[in-house]
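> For reference, the sequence and a predicted model appear below.
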Amino acid sequence: MAEIKTKVTLVGTVLAKPGTEFIYEGESSECGTCKVKKACHNLNRGHRYRVVSVRSTHHECPVHYNGATAVEVTEAPVSMLISADKAIVNSKIKIEFSCNKTDCRSYPLCRPDGVVEGEKYVVGDVLGNASEICSKGRALKLVEVRPA
């Protein structure tokens, strides 16, 4: 089994708990003059991360209540629906969001937060069939993906 790579970054102290997941949204305007902003902004925008351990380093921060704390994170898997013909464990897929039906009950799984369109991901596990029938008639599978 491949070793999961971790990355050290800073998050708001309130979020600095093992198991906490978040989506990195990028730099805030308040970060402009911060001396440690490179430590906070070393993640990929739009990706989902999970805190795996907390370090003792703490910094004052104009963005986060109670400052920022150093943590180790890993990219977290994301559950999503993909075409059944692409749902093969350990295969690389390029994410293409082909449906814009925001009123569909499956929409949050077809376009989940933490997955970036146009980027490549690896199918980690096939969890089963879609719980709802696709209104476009597509055969869908529920899978877990990680960035490639």
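Received, thanks.

> where along this structure do the helices fall?
For the chain, applying DSSP state H gives helices covering 37-40, 107-110.

> quick check, distance from the last one to the centre of its chain.
This points to helix 107-110. 14 Å (Cα atoms, centre = their mean, to the nearest Å).

> In that helix, which residues are buried?
107, 109, 110 (16 or more other Cβ atoms under 10 Å). Just so you know, the C-beta spots here come from the backbone N, C-alpha and C atoms, and that holds for glycine as well.

> Of those residues, just say which sits nearest to residue 16.
residue 109 (28.8 Å; Cβ to Cβ).

> Give the rounded mean pLDDT of the longest strand along the chain.
When the chain is scanned for its longest strand (criterion: DSSP state E), the result is strand 48-59. Across strand 48-59, the average pLDDT comes to 96.

> so what strands line up beside it?
strand 21-23 (antiparallel), strand 68-75 (antiparallel) (DSSP bridges).

> Residue 81 reaches residue 109, doesn't it?
Yes: taking contacts as Cβ atoms under 8 Å, residue 81 lies within contact range of residue 109: 4.6 Å.

> what touches both of the two?
The contact sets of residue 81 and residue 109 overlap at 130, 142 (Cβ atoms under 8 Å, 6 or more residues apart in numbering).
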